[in-house]
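Trainee: Predicted model follows, preceded by the sequence.
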Amino acid sequence: MTTPMTTRRPAAPRHPSGPAGTRPRGRAGAGPRRVLPAHVVFAERLLAVLSGERPVHWMLGYTVGEAYEQLVHLAPATPFRSSGPRPVLQRCHGHVPADDTLEACATVTTGDRVRAMAFRLERGRDRRWRCAAVELDGLPNP
């Protein structure tokens, strides 16, 4: 009598930066990853929420003060949603007016349209940046 052979796929290697089956971006052995500035990371996060790609509560741990309420009022209108291609962050400039404060402005393209977004980041005692205010072009501040 022969025993049926079962084939199992070998377990995916684990990478310390993510779950099983993920791998670092870029070429293997390419060296350290490039770290994006905080204002660029936050611009991408805000764009994901304001385009409807992510829910507002995705920003809960990344906001402080009135910023979350501003997003709650802005996000339902999905001001950066496009019926065409996904909105793209084109440029993002940051300015440090004081220690532990960063103000940024970004341009976003949605199809043929160019939009503007401004936001303020504050660094807490835990040294993490959090969004403290958000403004969009042509929309009243809630």
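Mentor: Good, I have the coordinates.
Trainee: hey, where'd the helices end up in the chain?
Mentor: 38-50, 67-74 (DSSP state H).
Trainee: Turn the ones you listed into a markdown table, columns for mean neighbour count.
Mentor: Heads up, the C-betas are built off the backbone N, CA and C, glycines and all. Formatted as a markdown table, the helices of the chain follow (neighbours: other Cβ atoms under 10 Å):
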| stretch | mean neighbour count |
| --- | --- |
| helix 38-50 | 20 |
| helix 67-74 | 18 |
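Trainee: So for this structure, the centremost residue is which one?
Mentor: Arg45 (2.1 Å; Cα atoms, centre = their mean).
Trainee: mind putting the helices of the chain in CSV, distance to Met117 and mean pLDDT included?
Mentor: What follows is these, written out as CSV (distance: least, Cβ to Cβ, whole Å; pLDDT from 0 to 100):
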stretch, distance to Met117, mean pLDDT
helix 38-50, 6, 96
helix 67-74, 10, 94
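Trainee: Quick check: which ranges of the chain have low pLDDT?
Mentor: Applying pLDDT under 70 to the chain flags residues 1-31, 139-142.
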